[in-house]
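>>> give me a model of this one.
(one chain, ligands or ions: 1)
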Amino acid sequence: MNNFQILIEIHMLEIPESTNISSQVRSTLLTRKITEVFNATSPHKFAWYNGDPSGYPVILKGRKIHSAKGHGMFVDIDCDEDVVITIGDGTNVRYYAPLEHRPEKHQLLIEFDDGSCMVFTVAMYGGIWVYRGPFDNLYHRRSLQSISPLDNRFTEQYFDKMIKNVTKDLSFKALLATEQRIPGVGNGVIQDILFHAGLHPKRKKSTLTDFDRNELFHSLKVTLHTMTEQGGRDTEKDLFGRNGGYKTILSKNTVDQPCPNCGDIIVKEPYLGGSIYVCPTCQKR
Ligand SMILES: [Zn+2]
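Residues are numbered from 1 along each chain as shown. This next block holds a predicted model:
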């Protein structure tokens with residue numbers, strides 16, 4: 001997977017986006033019945049399916065959308081009869097209203113009884129898994145079992161315990177965005193989380209004061225809440241192909257621009273298989 005980490009920035013489903021897309025699925029597609037399923041028109045080496053996708057039409061046709069939930073970097077679309085469609089990081093799902101022009105290339109297209117459809121595309125790599133009953137995928141299971149920072153059970157004590165369990169040489173980026181310690185918190189959302197906490201992504205855990213730790217905990221909760229409430233980040237697309245409403249402070253959109261806090265220029269550098277964005281003044285090493 002390491003070779004692909006750098007590409008994660010293309011379509012990143014992180015907590016704000018998985019939460020928002022699932023809520024858009026609920027408000028748009030609830031009780032819609034699946035009438036047609038079209039397999040990939042454009043086969044993709046790194047589009048992952050559950051078994052042979054040519055079996056998907058048999059499982060999906062006639063099913064009704066029941067609910068949807070976002071967790072970590074996954075969106076689960078629940079149908080009746082225990083059938084679930086799960087997408088993960090790297091997969092883009094887009095809704096097209098009846099008569100709206102659909103793209104020719106896709107890795108799965110699901111049509112509904114009103115003529116609308118959901119189109120799944122994979123840019124670099126990503127999963128579109130259809131299954132009945134439990135899903136045998138380690139990351140998915142861990143994500144379902146974990147406590148999201150949006151949840152009240154993600155307390156300061158819980159966070160402190162997580163921090164205590166990692167080595168002192170670990171950087172903040174590694175702490176927050178690797179090993180799936182917090183599923184759905186990845187290299188995208190951590191940029192603004194660390195900015196608001198005034199911490200440099202490369203700084204080591206051993207330098208963390210009580211004050212910093214408190215700032216980091218609050219920034220993690222507040223930044224993720226804000227991103228989610230505003231419909232995801234402006235670097236990502238929602239179910240309707242629109243950019244999210246949350247204006248990123250540190251992202252590919254703002255590199256080389258002045259920091260809103262101090263006016264210093266925002267810089268980008270490669271670190272741990274992905275880019276980090278930093279204000280050199282607000283986030284000292
Ligand atoms: Zn600054």
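
>>> is the closest residue in space to Ser146 that isn't next to it in sequence in a helix, a strand, or coil?
Residue nearest to Ser146 in three dimensions, not counting chain neighbours: Pro183, with 4.9 Å by C-beta to C-beta, 6 or more residues apart in numbering. Where C-beta positions appear, they are placed from N, C-alpha and C, glycine not excepted. When classified by DSSP: H, G, I helix; E, B strand; the rest coil, Pro183 comes out as coil.

>>> give me the distance between Pro183 and Gln157.
Note on Pro183: its distance to Gln157, by C-beta to C-beta, to the nearest Å, is 19 Å.

>>> the more surrounded of the two?
Pro183 (22 against 8; other C-beta atoms under 10 Å).

>>> surely Cys279 touches Phe195?
Yes: under the criterion of C-beta atoms under 8 Å, Cys279 makes contact with Phe195 at 6.5 Å.

>>> shared neighbours, these two?
Leu250 (C-beta atoms under 8 Å, 6 or more residues apart in numbering).

>>> which stretches of this protein have low pLDDT?
By pLDDT under 70, the low-scoring segments of the chain are 1-11.

>>> ok, residues contacting the lengthiest helix in it?
Identified as the longest helix of the chain according to DSSP state H is helix 210-229. Contact with helix 210-229 is made by 15-16, 19-20, 149-150, 154, 156, 159-160, 163, 172, 176, 182, 185, 189, 192-194, 196-199, 208, 233, 244, 246, as judged by C-beta under 8 Å, 6+ apart.

>>> can we see that at 7 Å?
Residues outside helix 210-229 that contact it (C-beta atoms under 7 Å, 6 or more residues apart in numbering) are 15-16, 19-20, 149-150, 156, 159, 163, 189, 192-193, 196-199, 233, 246.

>>> cool, and stretch 91-102?
In contact with stretch 91-102 (C-beta under 7 Å, 6+ apart) are residues 11, 21, 28, 75, 87, 114-123, 126-128, 237, 239-241.

>>> what backbone torsions are found at the one residue in the stretch 101-250 of the chain that gets nearest to the ion?
In the stretch 101-250 of the chain, the residue that lies nearest the ion is Phe195 (8.0 Å; C-beta to the ion). With angles defined as degrees, to the nearest 10, Phe195 sits at phi -60, psi -50.
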